[in-house]
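**Student:** can't give you the sequence, but here's the structure:
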């Protein structure tokens, strides 16, 4: 591989990293962005998705198990999210610091539960045969520009999930209610929208998407009780840089951060590219504290 | 009134319970027939994958010694603490064990960052730490017994093997902390000195999970072999992403310095198949004493493999007990002096001993990972290697005198 293919490869990697960030952040963009729920257990939703995938593979075998795992992870974590909303989050609306502490507690409980059930050592999830190939463009794996099947899959999945969430919000009746509640909760409530049900739906959808993300990420990362911790900071970073409540902002932020760190790594190490990235984010937030796409909703003015 | 009465009742109750507790369960350090020791490993966090099993092996040795009557007639009581993969937590817990629990000695530590954080604590309180993991050397403290390999017992033998196999161009990849950085500093000196080339050198933050850029740089550098000093979960991400990029170990060999049987099991042997590792112990070593150790461990933890740091953690307890017996005292100063004058043959490491610099004399092995998760031993050094804490090429003029 030559220097030019290195640059091309890194651009592709940037998009790949962006798709991972987007998947990790989408659920948070819903719960944090639309509902202002600071869900510290978001990382553990990803972790739960990973373990559900592991269980599905154990039951259905290597080939079909992963596909089943994606569905099981989505449904399973969405149900768990709904339960969490009803039992805990609902009682803490309007108290962001309490929510933060409570969900952090949930995060610790879930980590310990995973440790007790599956052990502190991670479980094995490997890519199914239909995803383990590599698409090589020119030359061999070593010399040419190649696209790993797993990474291509994650990019496609991120795009599909983003599209689906955007469609739900823009085109469905539920989406209409979500937008109404997001824009002005008291008026939406007064006009007869069932805001409790909307909150429940948004939170469950957010955790479900996180579970799906965790399932996909288990292809390239470990599945351990603490794996969620390595994504949570970046997920919050993407949502805040993108601007609360905006899916477009989340997408743009994920792309910017992914491509930035990948191109920075052509010249420097990963540790230093993280330093550069955080520096740029701090400077950027000085000029645009509301993120890339700032929305002028009531909700923002209140907080 | 009722509330005042219930308060009084509660106080009486608490006092009664506290009294019963002191009568029934005297604090262990006060009991005549026991001695407390600290066991300090990460039971949570990114390093738990490796450290929990060392804790298990340490506890197994303690159980076995207790079953044979303990040491100096006292039963050993382990006080297990969690370092939580956080160096400052290791320092805190080490201080707690020495100051508050007044333990006779501490077995523990894995990452060099954790050892470096504990070092000032042990030097301040004159405690004694038994450190079971291979490390980068460049350190020499009277308050630590280093049973893990020095660079000249693990890393340099691996380089020697690679050179014999004709691998000239080597890519260095590691987690971004003191062990990989120092190990690679030593490796670079020796690779250049021996006429090879360093194809590249990359570091990823500890716990890092994205290797897309690193893999691209490896492709540009086109090395013949990768020397991998990644630690913890990062290895899972690295091998998964190498396989996804069409570069499994069979295509581009990887020599790992922190992947033993335990990590192989966690990462998945199928991903690691054909990759190499350098250690001073493998579960597959054909030694009758080793077979007994493995059987004893697996009787307690069925299905769990045994590896090098575990064997060292296990040996440390036996070495400590033997040294205490010889010194006739639990005093760290006397124990460490006694420890360097004894030979041990309690685990499959063969007949071994601590050198005057408090590091273990041991043989270097290179193994190839099999689909079963076990290593096939390909190569071994010519006899046991004396430990050299300061590599003369990298740190000229520095010596370890205790």
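**Tutor:** Yes, it's here. Predicted model, so just to flag it, every value in this text is computed and none were measured.
**Student:** what does the stretch 201-303 of chain A put close to chain B?
**Tutor:** Contact residues, the stretch 201-303 of chain A versus chain B (Cβ under 8 Å from any Cβ of the partner chain): A:219-222, A:224-227, A:230, A:262, A:265-266, A:269-271, A:274. C-beta: built from backbone N, CA, C; applies to glycine.
**Student:** can you pull out the strands in the stretch 51-200 of chain B?
**Tutor:** Under the criterion DSSP state E, counting those that start in this stretch, the stretch 51-200 of chain B contains strands at B:75-82, B:106-108, B:129-131, B:144-146, B:169-175, B:197-204.
**Student:** As JSON lines, these with mean pLDDT, mean neighbour count and distance to chain A would be great.
**Tutor:** Formatted as JSON lines, the strands of the stretch 51-200 of chain B follow (pLDDT from 0 to 100; neighbours: other Cβ atoms under 10 Å in any protein chain shown; distance: least, Cβ to the nearest Cβ, whole Å):
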{"stretch": "strand B:75-82", "mean pLDDT": "97", "mean neighbour count": "19", "distance to chain A": "10"}
{"stretch": "strand B:106-108", "mean pLDDT": "97", "mean neighbour count": "29", "distance to chain A": "16"}
{"stretch": "strand B:129-131", "mean pLDDT": "97", "mean neighbour count": "28", "distance to chain A": "21"}
{"stretch": "strand B:144-146", "mean pLDDT": "96", "mean neighbour count": "26", "distance to chain A": "26"}
{"stretch": "strand B:169-175", "mean pLDDT": "96", "mean neighbour count": "23", "distance to chain A": "10"}
{"stretch": "strand B:197-204", "mean pLDDT": "95", "mean neighbour count": "20", "distance to chain A": "5"}
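**Student:** Nearest approach to residue A:205 belongs to which of the ones you listed?
**Tutor:** strand B:197-204 (33.4 Å; Cβ to Cβ).
**Student:** Next, count neighbours for residue 286.
**Tutor:** Picked chain A for this. 8 (other Cβ atoms under 10 Å in any protein chain shown).
**Student:** um, chain B though
**Tutor:** Neighbours of residue B:286 (other Cβ under 10 Å): 9.
**Student:** That one should be in a helix, yeah?
**Tutor:** No: according to DSSP: H, G, I helix; E, B strand; the rest coil, residue B:286 belongs to no helix; its state is coil.
**Student:** quick one: contacts for residue B:207?
**Tutor:** A:230, B:46, B:232-234 (Cβ atoms under 8 Å, 6 or more residues apart in numbering or on different chains).
**Student:** likewise residue A:260?
**Tutor:** Per Cβ under 8 Å, 6+ apart, neighbours of residue A:260: A:14, A:273, A:276-277, A:280.
**Student:** Going along the chain, name the strands of the stretch 1-150 of chain A.
**Tutor:** A:134-137, A:145-148.
**Student:** Report whether the first one contacts chain B.
**Tutor:** Same thing as strand A:134-137. Yes: Strand A:134-137 comes into contact with chain B (Cβ under 8 Å from any Cβ), by way of A:134, A:136.
**Student:** buried residues in that strand?
**Tutor:** residue A:134 (16 or more other Cβ atoms under 10 Å in any protein chain shown).
**Student:** repeat for stretch A:269-289
**Tutor:** A:269-270, A:273-274, A:277, A:281.
**Student:** what does that stretch rub up against?
**Tutor:** Counting by Cβ under 8 Å, 6+ apart, residues outside stretch A:269-289 touching it are A:237, A:240-241, A:257, A:260-261, A:264-265, A:268, A:291, A:294, B:176, B:202-205, B:208, B:210, B:213-214.
**Student:** at 6 Å instead, please
**Tutor:** By Cβ atoms under 6 Å, 6 or more residues apart in numbering or on different chains, the residues outside stretch A:269-289 that reach it are A:241, A:260-261, A:264-265, B:176, B:203-205.
**Student:** Mind telling me the two of the contacts of residue B:207 farthest from one another?
**Tutor:** Taking Cβ to Cβ as the measure, these have their most distant pair in A:230 and B:232, spaced 11.0 Å apart.
**Student:** coming back round to it: inside strands: which ones of the residues of the stretch 201-303 of chain A next to chain B?
**Tutor:** Taking DSSP state E, every one of these sits outside strands.
**Student:** Just the buried residues from those, in PyMOL please.
**Tutor:** Buried subset of these, written as a PyMOL selection, criterion 16+ other Cβ under 10 Å:
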select buried, chain A and resi 219+220+221+222+224+225+226+227+230+262+265+266+269+270+274
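**Student:** Spatially, which two of the residues of the stretch 201-303 of chain A next to chain B are the most separated?
**Tutor:** Going by Cβ to Cβ, the pair spanning those furthest: A:225 and A:266, at 34.3 Å.
**Student:** Quick one, which of the strands of the stretch 51-200 of chain B gets closest to residue B:67.
**Tutor:** Short answer: strand B:75-82, nearest of the strands of the stretch 51-200 of chain B by Cβ to Cβ, at 9.7 Å.
**Student:** and that closest one, how far out from the chain's middle?
**Tutor:** Taking Cα atoms, centre = their mean, to the nearest Å, one finds strand B:75-82 lying 17 Å from the centre of the chain it belongs to.
**Student:** do the same with stretch B:89-96
**Tutor:** 17 Å.
**Student:** do the same with stretch A:158-172
**Tutor:** 14 Å.
**Student:** residues of it that come out buried?
**Tutor:** A:158, A:161-162, A:165, A:168-169.
**Student:** Spell out, range by range, the helices that occur in the chain.
**Tutor:** Using chain A. A:3-28, A:35, A:42-60, A:62-87, A:96-118, A:149-171, A:173-183, A:185-190, A:195-217, A:229-242, A:247-267, A:270-287, A:298-302 (DSSP state H).
**Student:** wait, chain B
**Tutor:** B:2-24, B:48-67, B:87-95, B:112-125, B:155-164, B:178-193, B:212-221, B:234-244, B:261-267, B:269-272, B:288-300, B:308-327, B:332-339.
**Student:** of all the residues in the stretch 1-150 of chain A, which ones are close to chain B?
**Tutor:** Proximity of the stretch 1-150 of chain A to chain B (Cβ under 6 Å from any Cβ of the partner chain) is limited to residues A:1, A:6, A:9-10, A:13, A:16, A:120-122, A:124, A:126, A:134, A:141-142, A:148, A:150.
**Student:** which of those lies closest to residue A:68?
**Tutor:** The closest of the residues of the stretch 1-150 of chain A next to chain B, once distances to residue A:68 are taken by Cβ to Cβ, is residue A:126, at 15.5 Å.
**Student:** What backbone torsions are found at that closest one?
**Tutor:** phi -120, psi 160 (degrees, to the nearest 10).
**Student:** Give me the number of neighbouring residues for the closest residue to it other than its chain neighbours.
**Tutor:** Spatial nearest neighbour of residue A:126, chain neighbours left out: residue B:268 (5.7 Å); criterion: Cβ to Cβ, 6 or more residues apart in numbering or on different chains. Neighbour count of residue B:268, defined by other Cβ under 10 Å: 20.
**Student:** Repeat that for residue B:377.
**Tutor:** 15.
**Student:** give me every residue that touches it.
**Tutor:** B:282, B:365, B:367.
**Student:** and those residues near chain A, which?
**Tutor:** Answer for the contacts of residue B:377 near chain A: none qualify (Cβ under 6 Å from any Cβ).
**Student:** so which of those residues comes closest to chain A?
**Tutor:** residue B:282 (19.0 Å; Cβ to the nearest Cβ).
**Student:** Many thanks, I have nothing further to ask.
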